[in-house]
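Peer 1: sharing a sequence plus its predicted fold:
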Amino acid sequence: MDQLDQRACLGEFLRSRRARLRPEDVGMTDYGRRRRVPGLRREELAQLAGVSVAYYTRLEQRDGHNVSAEVLDAIARALRLDGTERAHLMDLARPKARRRRLSRRPQQVRPALRTLMDAMDGVPAYLVGHRQDVIGWNRLAAAVFGDFGALPAAERNLVRLMFLDPATAELYGEWECQACWVVSNLRLYAGQHPDDEQLSALVGELSVKNEEFRRLWAAHTVADKTHGVKRLRHPLVGEMRLSFETLTLPDDPAQSLITFHAEPGSASEDALRLLASWDAQSTAGQTTAGQGTAGQGTDTRSTAPSAAGRPSGAARFPDAATA
């Protein structure tokens with residue numbers, strides 16, 4: 001598929017939000033009549049929003065042409081949408097004038113930003129761009145999350161790794177929550193960039209290859225989580241709890257720097273230090289042996305995939321036995 005159908009997404013989003021509400025949730029009396037579908041009926045939602053049933057029905061049936069901001073606000077209030085969901089509804093119902101298609105060329109990372117990431121001693125950090133593509137990282141991020149440089153550039157995508165890379169799935173102690181978040185964030189991006197052909201290709205591939213992705217994508221949940229905690233089960237140092245912060249670049253909102261840190265004095269902080277130490281020893285050994293190579297992104301340990309194809313997930317993590 002070349003692009004996502006914005007009108008279809010509008011109807012599906014409205015139906016999914018309506019389905020999660022019960023009459024008692026919005027102060028209505030449920031007289032016990034059997035409901036063919038979960039959630040509010042269209043006429044109940046229309047009543048709450050103060051619009052005609054016919055008008056609301058047209059919205060769910062892909063006819064959102066010229067809908068006013070006032071009507072959308074009323075529907076958002078009736079559906080109990082949060083700020084992120086409200087913005088997503090606006091993107092779907094009133095798409096901005098068609099912009100130039102996103103370039104298929106890789107996004108560029110400013111040299112000063114690469115230097116900044118490399119200078120973050122003890123802080124794993126990576127840079128994400130369109131579609132949650134990983135476009136830059138530092139050495140400790142590669143040690144924690146796996147060497148992104150050991151993957152072809154087209155596979156350095158957080159959503160793709162979450163559903164198609166076994167090592168990444170095993171890394172997250174709360175995989176279901178993390179999977180839901182990355183899909184919800186991708187949904188939000190899709191509302192803003194429906195003409196992104198690479199997004200359509202990514203969604204198509206994941207829908208074919210992973211049933212759980214299909215289920216989460218069909219739920220139409222949207223989220224923009226900019227900070228929080230990730231619980232990891234690292235193959236070398238065991239469990240870690242890392243807080244993360246997402247910093248959107250002021251001069252390029254399409255790029256965000258994500259940093260991770262452990263609570264001072266915690267076992268997770270010790271684990272990060274151990275990983276950094278192993279990585280430093282590994283780098284020193286490679287340099288001494290003349291095996292150091294210029295890497296991709298900001299990770300100087302990055303190597304090209306072997307002739308046999310994509311490396312296994314375990315090959316993307318530092319090897320304690322040889323550190």
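Peer 2: Received, thanks. Numbering: from 1, shown residues only.
Peer 1: quick one, grab the pLDDT at P106.
Peer 2: Listed pLDDT for P106 reads 78.
Peer 1: nope, G295 is what I meant
Peer 2: Value for G295, per-residue pLDDT: 39.
Peer 1: what does E43 give?
Peer 2: What the model reports as pLDDT for E43 is 92.
Peer 1: go on, L72?
Peer 2: So L72 comes in at 93 (pLDDT).
Peer 1: does it sit in a helix, a strand or a coil?
Peer 2: With DSSP: H, G, I helix; E, B strand; the rest coil as the basis, L72 sits in helix.
Peer 1: run a quick neighbour tally on it.
Peer 2: 20 (other Cβ atoms under 10 Å). C-beta: built from backbone N, CA, C; applies to glycine.
Peer 1: number of nearby residues for the closest residue to it other than its chain neighbours?
Peer 2: Using Cβ to Cβ, 6 or more residues apart in numbering and skipping the chain neighbours, the partner closest in space to L72 is A93 (5.6 Å). Neighbourhood size, A93 [other Cβ under 10 Å]: 24.
Peer 1: for A93, list the residues it contacts.
Peer 2: Contacts for A93 (Cβ atoms under 8 Å, 6 or more residues apart in numbering) come out as 10, 59, 64, 67, 72.
Peer 1: output the below-cut-off pLDDT ranges for the stretch 201-323 of the chain.
Peer 2: 283-323 (pLDDT under 70).
Peer 1: just give the closest residue to E43, not the sequence neighbours.
Peer 2: Take E43 and drop its neighbours on the chain: the residue closest to it by Cβ to Cβ, 6+ apart is V53, 4.8 Å away.
Peer 1: that neighbour contacts R41, doesn't it?
Peer 2: No: applying Cβ atoms under 8 Å as the test, V53 and R41 come out as separate, 9.2 Å apart.
Peer 1: list the buried residues for the helix or strand harbouring L45?
Peer 2: Element membership of L45, judged by DSSP states H and E, is helix 42-49. Within helix 42-49, the residues that count as buried by 16 or more other Cβ atoms under 10 Å are 42, 44-49.
Peer 1: what do you get for stretch 245-262?
Peer 2: Neighbour counts over stretch 245-262 (16+ other Cβ under 10 Å) mark 255-262 as buried.
Peer 1: could I get the residues you listed as a markdown table with distance to A142 and secondary structure?
Peer 2: Listed next are those as a markdown table, based on distance: Cβ to Cβ, whole Å; DSSP: H, G, I helix; E, B strand; the rest coil:
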| residue | distance to A142 | secondary structure |
| --- | --- | --- |
| Q255 | 19 | strand |
| S256 | 18 | strand |
| L257 | 15 | strand |
| I258 | 14 | strand |
| T259 | 14 | strand |
| F260 | 12 | strand |
| H261 | 17 | strand |
| A262 | 17 | coil |
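Peer 1: how about a markdown table for those, with distance to A179 added?
Peer 2: Conversion of these to a markdown table gives the following (distance: Cβ to Cβ, whole Å):
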| residue | distance to A179 |
| --- | --- |
| Q255 | 23 |
| S256 | 19 |
| L257 | 23 |
| I258 | 17 |
| T259 | 22 |
| F260 | 18 |
| H261 | 23 |
| A262 | 23 |
